[in-house]
Each structure stands twice: as C-alpha cells, then as structure tokens.
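# I need the structure of the sequence given here:
(3 chains)
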Amino acid sequence: MSELLWIVALAPFIGAFTLAIFGASMPKKIAGAVGCTSVGISWVCAVILGLNYTQPQEVSIGWINVSWLQVDIGLRLDTLSLAWMEVVTLVGLLIHLYASQSMYDEDGYSRFFCYMNLFVGSMLTLALASNLLLLYLGWEGVGLCSYLLIGFWYKGVVNCDSARKAFIVTRIGDTALAIALFILAWHYRTLGMQAIINGAPPVAATLVALLILGGAVGKSAQIPLHTWLPDAMAGPSPVSALIHAATMVTAGVYLIARLGNLFLASPAAMLAVAVVGTVTLLYAGLSALTQRDIKRVLAYSTISQIGYMFLALGVGAWNAAVFHFVTHAFFKALLFLSAGVVVDAQNHEHDIFKMGGLRRALPVAFWTFMIGAASLCALPFITAGFYSKEAILGAVHTSQAGAGWMLACGLIGSLLTAAYTSRTVLVVFFGEQKMEVSKRPGGLVVFALVVLSVLSIIGFVGWPKLHLGESSEQMLVVVSTVLVLCGIGSAYVYFSRRQLSEAFAAWPFGNALHRLSLSGFGFDWLYQRTIVNPLKAIAHANRRDIIDAFYTGLAGAARAGESLCKLMQTGRVRNYAAGLVFGAIIIAYIVAVR
Amino acid sequence: MILTLLLIIPLAGGILSWMVARWSVLAARWVAMLATTAVFVIAMAVWLQNPAELGAGTRLIEVNKPWVPQFGLSYHLALDGLNLLLVLLTGLLAMVAVACSWQEIQHQAGLFHLALLTLVTAILGAFLAFDLLLFFFFWEAMLIPMYFLIAIWGHENRRYAAIKFFLFTFIGGLFILISVLGLYVYAGKGSFDYDALIGTAMPAGAAMLLMLGLIFGFAVKLPAIPVHTWLPDAHTEAPTAGSVILAGLLLKTGAYGILRFAIPLFPEASRTIAPILMALGAAGVLYGAILAYAQSDLKRMVAYTSVSHMGFVLLGIYAGNAIAIRGAVLVIVCHGLATGALFVIAGAVQQRTGTRELSRLGGLWEVTPKLGGFTLFFALAALGLPGLGNFVAEFLVLLGTFAASPPLAVIAALGLIASVVYALWLVQRSMFGLNVNELKPADLTAREVAILGVLAALLLWIGLHPQPVFDTVDKSLTTVERALPTGESYE
Amino acid sequence: MNNVPVIHALIFAGALFAIGALGVIVRRNLVFVLMSIELMLIAASVAFIAAAAKWNQADGQVFYIFIVVTAAAEVAVGLSLLLRIHHTFKSVDSDDVSLLREEGER
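Numbers count the residues shown, from 1 in each chain, chains lettered A, B, ... in the order given. The predicted model follows:
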C-alpha cells in the first residue's frame, strides 16, 4: 500500500516530463488531458492512502551516501503530510481542470501544464519528504515553478521582472533555511526528519529556529520578505490560485509545523513566529483595503491569512494552523478562480473600479465569489473559514504563549478582512455594469468552482469541534462575529455613500494614508533604495573587474618602460657610435681609477 | 597499454584528421569524432569493468617505464578513481567539442581538429601522469594548442585574449616547474616519480615556498581570484569548442593538480594555508557571481559564473573533510557539464544571431523554444537547482565547509542568492521579453539537441543518483583527507 | 727615435683617436665617417708602434701590419656599402639611413 506514495509523488513529475519533451508536438486536448490525468492519478492514490491511513508509513531509495551523511529519497506519510497531500492533490486537480478550459486559448498551453505538473510534483515532494534535503528539493522546486508560472507570459517584461523578484526574494529565505540545514546536519549527523523531530535540539536552537523561520517567511510571503507575492499576481489566475494562495505559500507553515519541536525548544523563536504572524496579518489587511487590482486584494489577503497561521504556530497551536491552511486553501483557491472568471470576462481588466454590476451578468462567478468571500470573512457558523479562524483566535486566547495584544490584533484583523472583502464584492458585483462580458465560464470551470464552493462551506468537517464551554470563549465568538459584521457594514456604508469616500480622499492625511496603503507601506520603495539599487550600482561599477586593472596596469607599465627604452634606439649610426665612445670612456675611467 | 592508447588515439586522430582534411573536411570531422569517441568508450569500459579496484582504492592500471633515466624522468602513467572520472569527463566533453564545431569551424578545419585533439591528448596526459616532470610536460603542452585555438579561430579580440591566456598560464607553469625541481632536490632520490617524492621530509619554510609555487600555478588555471582575469577574455574570445574544453577540462586540471599533487606532497604546508585558500574560494564564489550579473556579453557572463563555481571547488577542497572534498569533486564534474552546455548555447546563439550582446538579444523563446528550454535548464543547473547535479555538489561543499568555517560557509551560501540573480537575468535578457530586434534564428538542429540533451540527462542523473560518482572517487581521495584533518565537526 | 718619450707618442695617439671618434659622432657625411674610422685605426697603430719602440719588441710592428690590412679591407667594404647606400637613398647622410628604427617613428 505504501508504494502508492511513489505514484502520488511521481505521477505529476512523469506528466511534466512527458509534456516537456513531447508537449510541443501534442494537440492541445491531449496536452491538457496529460496534465490533468497525471494529477488525477496522484489524487486517486492520495485518497486511497488517506482512507486506509492507520499509522505513519515510509518508502525510500538511496540518494547520497558520503562519509557519515546518508540521505535517501524517501517519502513519509503521517497525519501532517497526509493533510497536505490531500489538499494539494485535490485542489491541484480542480485547478488543473479549471485551467484546461480557461487557458485553452493561450499560447504555450502544454508548457503551462508542464510547469503546473512540475509544481504539483514538487509540492508533494516537499510535503511527503522524509528528510530535510528532499524537502529542500521540493522547496526549491516549487519556487522554480512559481518563477516559471509567474513569468508564463514571458513577452511582458513586467511579468518576467515579477517572476525574478519572486525567485530571488524567496531564495534569500531559502539560503537561511540551507544554513539551518547545515547546523542540523552536523548536530544530528543526519537530515532524517524523524531523527530531528525526536532528537534533542541543538544548543543553538534559537538560531536554527530563526533561520528556519527565515526560510518560512520567504516562502510564505511574511514580513519582511513578503514583497514578491503581490507582484506575483502577474501570472495566470489558476497559478495564483494554486501556487500563490492554496499550496506553495503555505509551505512555510508546513515547515514550522513539521519542525515544531525545534521551535518549542526556543521560546524566543516561538515569539518571533507569533510576532511575524501578527504584524503581517495587520499589515496585509491594511494594504488590502486600498488595492485596485482584484488579484492584488486577494494576494494581500493571502499574506494576511498566512499571518494568522503563523500566529497560530507562534502560540503552539499546530492543529489550528493546519486547519486554517486547509480551509484557506479551499476558499482562497475559489476566490482566485472566480476572480479569474471575472478578469477573463472583462478583457483581462484587473482594476475593480472599471468593473461593476457583474452580479447578473456572471451569476456563477458572483455566487462562488460570495461563498469564498463569506468563508474568508469567517461569517459565523455557515462557513469553514469561521471554524478555522475561531480555532486560531481561541488558541491565542487560551495558550500560554499567546498575549492579549496578539488576540486584539487578530480580532482587528478579522474586521479588516471583512472590510476589504466586502469592498471587493461590492465594487465588482454590485452597482452598475461598466463593461460587457466578453467570455463566459465553461463547464469544467463551473465544475471546479462549485466543488471548491462546497468545500469552502463544509471544509471544517472532520476537524475537532469548537468547544464553547467557557464563557470567555463564547465571548470571543460573539466579539469576532460583531467585528466581522462591523467590517462588512462599514464597507457597505463607505461605498454606498459617495460623499464619504470623496471627503476621505479630499482630506490630505486620508489621501496620504491611502497612497501609503496602496503602495504596501513602501516596502518595495525601501528595498529598492537601500538594497537593490546600491548592489546594482556596485555590480555595474565593477563591471570591468577591478582586479583586472592590476594586470592591465602591469601591461601598461611594461609598455611605458618599452617606450622609454626605445628613445635610445634612434636608428642613427652616429648616436650609437657616441654611446660606444662614452661607454668606452666610462670603462676606461673605472679601470684607471682602480 | 590502455593508458598509452588513451594518449595515442587522440593524437593520431588529430594528425589523421589534419591530413584527411585536404580531401574532405567532413571526413576530418568524423575522424576527430571517432577518436574522441574511442577515448570515451575506453574510459567507460575501464570504469564498468573495475569495481573491485575502485573499492580497494588501488590504481586500476599503471605503466612505469624509464624515459630519461639520467635525470630520473620516467614514463609513469596510472589510473585511479579520481582521474578515471576526469578521463571520462574528458572523453565526453571532447566529443561535445568536436560535435559543436561541426558547422562553426569552416576555416582550416583540419588544423582545428589537430589543435583540438592535441589539446585533448595533453589534458589526458596531465590527468594520467604520475611523474612530476612528465606532468609538467603535459601541463605546458596544453598551452600551445589552446593558444592557437583562441588566436586562430577566436572572435574579434582574439589575439589579446590568446596572449593574456598564454602569459598567465605560462607564468603559473614556471612556478610549478620551480617547485617540482625544488622538490626533486630536497627528496634527493634522483627521481621525479610521484611515489618517490611523496612523503618527502623538508623544512617547513621550504615546503611552504614550494607548495606556494604549485598552488600559484594551479590557482591560475583553476582560476581562483585574484588570478582569474585571463579567464573571461579567453572564454569570450575562444571558439565554442575552445570554450567548452577550457571551462570543462582545462580549469579542472588546476583542481586536479591541487588534489593530486599540492596537498598530498605538502600536507603540513597545506594545512597551514588552508584557511587563506578557503577564504579566496568563498570570495571567488561571491565575486564571480557579482561580476557575472554585471556583464552584458553572454559568453563573458558564463565565464564569470565559472569563476564563481570554481570558488566552490577551492573552498571544498581546503575545507578538508570528506563531505566537502567529495562535493568539490562533484562540482568539478557538474560544472564541466553545465558550463560546457552553456557555452554550446552561447555559440549557437552567436552563430544564429551574429551577436553575443545581451542587449541585442531578447524574446528568443518565441522563435526558438528548444533553445530557450535548454538555456533555462542549464541556467537552472548553474544556479544550483535541487534535482540537478550542481545542487548536490554545492550542498556538500557548503555542508562540509560549515564544519571547517561557518562564516565562510555563510558567505559562500550568499553566492546561492547571487547565482539566482545572474542566472535568471541571463535567461530573461536572452530568451524572454519581446523580440524587439526581430531576430529570426533557426531553432536548434537535431545534432545540437542531441549534445544538449545528453548533457542535461547527465546532470539530472547526477542530481538524483550521484552515488556512482562518489563510489568512483571515494578511495582515491583518502590521501587528501588524511592530509587535511580539519573540521570534522563544527561544534 | 729614442729621444722622443713614449708618453708623447701615446698622447698623440690618444688625440688622434679622440679626433677620429669625434668625427664618427658628429659628421653626418658617411665619407667623413669612414675617414674618421681610419683615423682611429691609425691612432691605434701609432700606439702600437710607440709601445714596440719602447720595449724593443717586434710584436707592435706586426700588429701595425695587421691593422693596415684590416683598414684596407674595411675601406673596401665600407666604400662599397657607401656606394650601395648612395644608390638606394640618393644620399650619403648617415641620419637618412636610420632603418633600424621602427617604421613611422622617425
């Protein structure tokens, strides 16, 4: 049975390989079929494995065996990786189906599915890896696919720049993770996950945990390495849904949950995780409030929701974090996909203020977006998002590590979430219609949307129920519900009354605030000025290699000496004779003096 | 006999190819191809046949005949795991070099193949020689054909590059000669034989000076900063085949020299100087990467990535523990494959578009998707993407270095970030964006796809199953490890 | 002969040699240069003869014969070179014949 694990991980890779080699000569239908089938096989195997899951199981073959270092290509299934495997294959399959229809008119269709399959394979490798090096392989692999897919429309320089930015920024985090791997490898003399989880943590546990956090922060787009994610929206919508919402960006959550004991060994690192999560969720919520690009709203919302997960991790609530990952994967994928339908229907227009009134024209997109938005807002009792978010807030409330201010920030975060989500819904789907609908979703697209909608609602089934025993927890639910409703209400009021928004825009401070939020609080500006430009300047200043100047200087000196000596070579016999005579005189003088 | 055959086949093939070229250039190409294939096949056969000796760490094959006995010069060739691997690489890249000049070299093709195959012979000789003077002979013999390859078949600025290459490596070679002679005198056995000279006792100061001489010569070839500046010029101006051989093999002779001669012959001195050389290696990793980013010439960019990667080699060798050294050897192999492929690509681009200037390229993916795909693949290999050989190699180097010196490991790890910056920049500027210059090059031919496909498959294979490489070299590296027992644990 | 001190002969020879050397250096006409060279040779011969007289040895006179023969040969070669130079350069000015210098840097 456990051999099925190989199929789960390998099927997408085989699909990618097939498409890479034969894709160019394949008809589109077959390319799409190959792409979906490989993920489908993976999903079926994952479901079989999931239904029969009783205890952790492992399969492996040899990889590197040098000195004491023995690393296998090994896959291990336990409850944590099970959750990731199921979500990745299921959401992956749905998004592949969606994309097989929505991307049909694009050039490079087979290339798209090649990258997507490669991504699913890498993501599964990441989640199932039984050692850290293989996890790192998957980790980099998903980063690569993210790069390739953001830059899928390679003719646009902006897309390419965004893609590069994503890869480079996450690579900074990856390098921190790699350094953590070195420390762990020398400490445990292995990179096997079980040995590391069960072994005594190293002396420098805080350092290691912080380095791992660095990796997680990069991949999961948390402050301060979050700037790549909003730009990553240059990619096609299915990519945003799969990579930049549902799966890859939560890899950091997975990593921290996986190596939880290293973090538990260091309260400082735990606090750091919680602080990163808290700050990020507020920051991203505030930035999302003013974005005009529908996908950027969702991108900031993703950053914010992952902030919640980090907060949960930081207070030790691994379960709540994973729960939120699952529900978030469903509803955020749903939001991105229906946003994709909207964008496609509006001639690839991303600006929400150029849309409007799509409620009637695109009913499927409207209803699915509404369900996703409700889940994102954590509308009480009827949405999956509610249960997972309450689990996090409850954990922050009850945990030893949780602090009052974290809870407060988390609650404010739900207010912000409700506000920006309803703003988007109101602007896009209500009001008067501004543009004709140019493309309607096809059958597969609708299918994927409906399945994800259902999952966004019932995604909480199977997770531990909320226990509302204590009055303080009941209070928490009430407070957060009230805040959510406030958020929705304020958005409604703000957008139904023109004069309010005009007054805000006219107010200089409000205007400045708006611009600040729109630019993501100037992180890009700051990094550009303080890091990117100076480094670029240094590199370009040294373009011709300063060290070479030494050697060209040497050559120059030789040449100068040559021209100096050459002065004596006049070519005139008389001068030579004079030299001869003077030489003779000097020698004669020396001889005479001695 | 086999070893002598390994030297004779390429040399004879070169001469034959030169003579045949008067009647048919195509026949000359095939002769050269056959000769290089023969070298590869022989090496492969030896590799597949001798697992027992490899496991025992003894020499697989050895020839030892007196040559000029009055001077203690002997014709001593031997094959062990380390140089077997390099001979395999030589055979493979020589085939690649012949194949990729199939269309590029039209002028004096016979002479070109003579020079190329003489060069291959000299490289093989340098890898196989176990007599120091013989080694020096082959070392210097590499210079002359390479000089002509650059000076005759090179690009615009070829004379400058050829002379620069010659001066640097020749001066480096002189230092090697001095050290070899000094060692001969100190040993006092009247022999230049490797086995006779190893373990020579001498004053620490003298050992240090002699070793520095060797290291200088090898570092120039490697190249380590600050003696690397010949490399970008030579790489840029050389014809494609020359760049492939230069990056894939010639640089490796430097690393091989360190592993085979500098460390085992002078263990104490090596231990003393290891930290400095490690620092140079780590600095090279970063410095090369930063310079690569700033280049606007495709070949020059790839050349600087070589400087960066060879920094890993130096770092790994002198980190001194088993993991780092094996990583360094794997870098040698993978860099040969990946950078060789990148030069083939650069050559293909230049041949089709007439320029290597990145600002005049762009948007090539649309017209040449195969070329684009391969460029992307090898750029990813260069940046150390997990799953490809370079990742395993660089990871092991960094892991091993971390025990010897955590700060240097961290500095070199920053090179991983820089490598992403330059590799993606390379791909983007050549392949992505709009095809504003309206270039209409033809896509890769079947021959080029075959070359690049083989190299890509090898990199993938090493990335997922590097164990055969480790098993091959494992035992022949023990002398190096014993000489440098530094850093077995970082705590 | 004996009443002339040898030092006078040597001073005379030195002066003659100096005049010849100066002539070689300053004269541009190759005919004069040749003549100056002859002067230098003669100076050497005078010194030899003076030395021979001083020590009553015949060696100096033998050397004188040698020098005369060499000078004759030298004049023959020199004059024929001079003729060729005159033929090629239409000049007997030594400064015009500076071909040893690199082209273009005259």
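
# what residues are up against A:Tyr420?
A:Tyr420 makes contact with A:285, A:288-289, A:291, A:297, A:300-301, A:491, according to Cβ atoms under 8 Å, 6 or more residues apart in numbering or on different chains. In this view, the C-beta of every residue, glycine as well, is placed from N, C-alpha and C.

# Report the separation between it and chain B.
32 Å (Cβ to the nearest Cβ, to the nearest Å).

# cool, and A:Ile73?
Relative to chain B, and taking Cβ to the nearest Cβ, A:Ile73 is found at 7 Å.

# so that residue makes contact with A:Leu134?
Yes - if you go by Cβ atoms under 8 Å, A:Ile73 and A:Leu134 touch, sitting 6.0 Å apart.

# Tell me how confident the model is about the host helix or strand of A:Gly556, as a mean pLDDT.
Remark: A:Gly556 resides in helix A:546-566, with elements defined by DSSP states H and E. When pLDDT is averaged along helix A:546-566, the result is 88.

# is it up against chain B anywhere?
Yes - against chain B, helix A:546-566 shows contacts by Cβ under 8 Å from any Cβ of the partner chain at A:547-548, A:550-551.

# From the residues you listed, pick the one nearest chain C.
Relative to chain C, the closest of the residues of helix A:546-566 next to chain B is A:Tyr551; by Cβ to the nearest Cβ it sits at 25.5 Å.

# The closest one: neighbour count?
For A:Tyr551, the neighbour count with other Cβ atoms under 10 Å in any protein chain shown is 17.

# Just the pLDDT at the residue nearest to it when sequence neighbours are not counted, thanks.
Nearest residue to A:Tyr551, sequence neighbours excluded (Cβ to Cβ, 6 or more residues apart in numbering or on different chains): B:Thr229, at 5.5 Å. For B:Thr229, the pLDDT comes out at 90.

# what about B:Thr229, how many neighbours?
B:Thr229 has 21 nearby residues by other Cβ under 10 Å.

# Then the one 4 residues further on?
Other residues near B:Asp233 come to 23 when the count uses other Cβ under 10 Å.

# So it belongs to a strand, correct?
No - under DSSP: H, G, I helix; E, B strand; the rest coil, B:Asp233 falls outside any strand and is assigned helix.

# shouldn't it be in contact with B:Phe165?
Yes - if you go by Cβ under 8 Å, B:Asp233 and B:Phe165 touch, sitting 7.3 Å apart.

# what is in contact with A:Ile73 and A:Leu134 at once?
A:Trp63.

# neighbour count winner among those two?
Neighbours were counted for A:Ile73 and for A:Leu134 using other Cβ under 10 Å; A:Leu134 has more, 26 against 21.

# For the helix or strand that contains the more buried one, which helices and strands make contact with it?
Taking DSSP H and E as the criterion, A:Leu134 maps to helix A:132-150. Using 3 or more Cβ pairs under 8 Å, 6 or more residues apart in numbering or on different chains; DSSP states H and E, the elements in contact with helix A:132-150 are strand A:57-66, strand A:69-77, helix A:109-128, helix A:157-188, helix A:193-198, helix A:205-219, helix A:251-258, helix B:389-404.

# B:Arg356 is nearest to which of the ones you listed?
helix A:157-188 (20.4 Å; Cβ to Cβ).

# Contacts for stretch A:77-90 next, please.
Contacts for stretch A:77-90 (Cβ under 8 Å, 6+ apart): A:2, A:5, A:8, A:39, A:42-43, A:46-47, A:49-50, A:53, A:56-58, A:120, A:123-124, A:127-128, A:246-247, A:254, A:257-258, A:322, A:325-326, A:329-330, A:455.

# could I get it in CSV with only the CA atoms?
What follows is the C-alpha trace of stretch A:77-90 in CSV, where atoms were taken according to Å, rounded to 0.1, in the frame of the first residue of the first chain:
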residue,chain,number,x,y,z
LEU,A,77,3.2,9.8,5.3
ASP,A,78,1.9,10.9,8.7
THR,A,79,-1.0,13.0,9.7
LEU,A,80,0.6,16.3,8.9
SER,A,81,1.8,15.3,5.4
LEU,A,82,-1.5,13.5,4.9
ALA,A,83,-3.4,16.8,5.3
TRP,A,84,-1.0,18.5,2.8
MET,A,85,-1.1,15.6,0.3
GLU,A,86,-4.9,15.5,0.2
VAL,A,87,-5.3,19.3,-0.1
VAL,A,88,-2.5,19.6,-2.7
THR,A,89,-3.8,16.8,-4.9
LEU,A,90,-7.4,17.8,-4.6
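
# Tell me the spacing between whatever residue of the stretch 351-500 of chain A ends up closest to chain B and A:Val239.
With Cβ to the nearest Cβ as the measure, A:Asp351 is the residue of the stretch 351-500 of chain A nearest to chain B, at 23.5 Å. Taking Cβ to Cβ, to the nearest Å as the measure, A:Asp351 falls 20 Å from A:Val239.
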